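Novice: the sequence isn't on hand, but the structure is:
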């Protein structure tokens, strides 16, 4: 079946550091790929998405590129802020008529120190 | 004006009890979901309804029964609660029918079974 593997956490960085969170996937066909973010005590929010190979999703300074050849969707940000501290989830969309079945990675907890 | 709202936010109960979690969305979406997040933050889909019809039913014990009285509501009833049911349960919704539409999540219900 389809699956997503994320870089193990937790990740701790200083403010303004460069961030990479690795994500690779296994899927039949060409799923859409997503990054969701979960702030403490809240539900998940969509951060960015890409729907086909070579698409780049971007939002709030975060970027990820859909790489079919390496089956990857790594999340990057050039200069992180304390407010970026959260848990980040990579996910793919498994097609199902009438619904979107998201398959999530295990999540990566990110802590940014001032 | 919360988009996806769940109640209660916290639920503490004893083994063997029966409990319900309610979810409502005011986004006009056709599809609603229940996800379970375990203590290691791993998220897994449990159920999905599209226009009150069950379309995703993952390997979940029969003690869990979703009910959708209308497309804006999806409740989760759990019979004979067990220790292993302790988790955070997230409700979500999406427009449905399109596999790259983001899911909108509620803030979760933390269930603790003692």
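Specialist: Cool, the structure landed. This structure is a prediction, so every number in the text was calculated from the model and none was measured.

Novice: alpha carbons only for contacts and neighbour counts from here, please
Specialist: OK.

Novice: so which residues on chain A come close to chain B?
Specialist: Residues of chain A found near chain B (CA under 8 Å from any CA of the partner chain) are A:32, A:41-46, A:51, A:93-107.

Novice: just the buried residues of these.
Specialist: Neighbour-count burial (16 or more other CA atoms under 10 Å in any protein chain shown) applied to those gives A:32, A:43-46, A:51, A:93-95, A:98-107.

Novice: skipping its backbone neighbours, what lies nearest residue A:106 in space?
Specialist: Nearest residue to residue A:106 in three dimensions, chain neighbours excluded: residue B:42, at 5.0 Å (CA to CA, 6 or more residues apart in numbering or on different chains).

Novice: hmm, I typed the wrong one, I wanted residue A:30.
Specialist: Excluding the flanking residues, the one nearest residue A:30 by CA to CA, 6+ apart is residue A:52, at 7.0 Å.

Novice: next one: residue A:24
Specialist: In space, and not counting its chain neighbours, residue A:24 is closest to residue A:72: 4.2 Å by CA to CA, 6+ apart.

Novice: per-residue pLDDT, the one you found?
Specialist: We have a pLDDT of 97 for residue A:72.

Novice: and the strands in chain B?
Specialist: B:4-7, B:10-13, B:19-25, B:31-37, B:43-50, B:53-57, B:64-70, B:73-78, B:87-94, B:104-105, B:109-113 (DSSP state E).

Novice: OK, contacts around the most centrally placed residue in chain B?
Specialist: Central residue of chain B (CA atoms, centre = their mean): residue B:34, 3.0 Å from the mean position. With contact taken as CA atoms under 8 Å, 6 or more residues apart in numbering or on different chains, residue B:34 is in contact with B:45-48, B:76, B:89-92.

Novice: swap in residue A:54?
Specialist: By CA under 8 Å, 6+ apart, residue A:54 lies in contact with A:65-68.

Novice: helix, strand or coil for it?
Specialist: Following DSSP: H, G, I helix; E, B strand; the rest coil, the label given to residue A:54 is coil.

Novice: for it, give its distance to chain B.
Specialist: Distance of residue A:54 to chain B, given as CA to the nearest CA, to the nearest Å: 16 Å.

Novice: next one: residue A:73
Specialist: Distance, residue A:73 to chain B, using CA to the nearest CA: 15 Å.

Novice: isn't that residue right next to residue A:33, touching?
Specialist: Yes - counting by CA atoms under 8 Å, residue A:33 is a contact partner of residue A:73 at 7.3 Å.

Novice: what is in contact with those two at once?
Specialist: Joint contacts of residue A:73 and residue A:33 (CA under 8 Å, 6+ apart) are A:66, A:90.

Novice: partners of the worst-scoring helix or strand of chain A on mean pLDDT in the sheet?
Specialist: Every helix and strand of chain A was ranked by mean pLDDT, DSSP states H and E. The lowest is strand A:99-104, at a mean of 85. If you go by DSSP bridges, strand A:99-104 pairs up with strand A:86-96 (antiparallel).

Novice: quick check: angle from the strand it pairs with to strand B:43-50?
Specialist: If you take axes from the mean of the first three to the mean of the last three CA atoms, to 10 degrees, strand A:86-96 sits at 50 degrees to strand B:43-50.

Novice: which residue comes closest to residue B:68 once chain neighbours are left out?
Specialist: Residue B:68's closest residue in space is residue B:74 (CA to CA, 6+ apart), at 4.5 Å.
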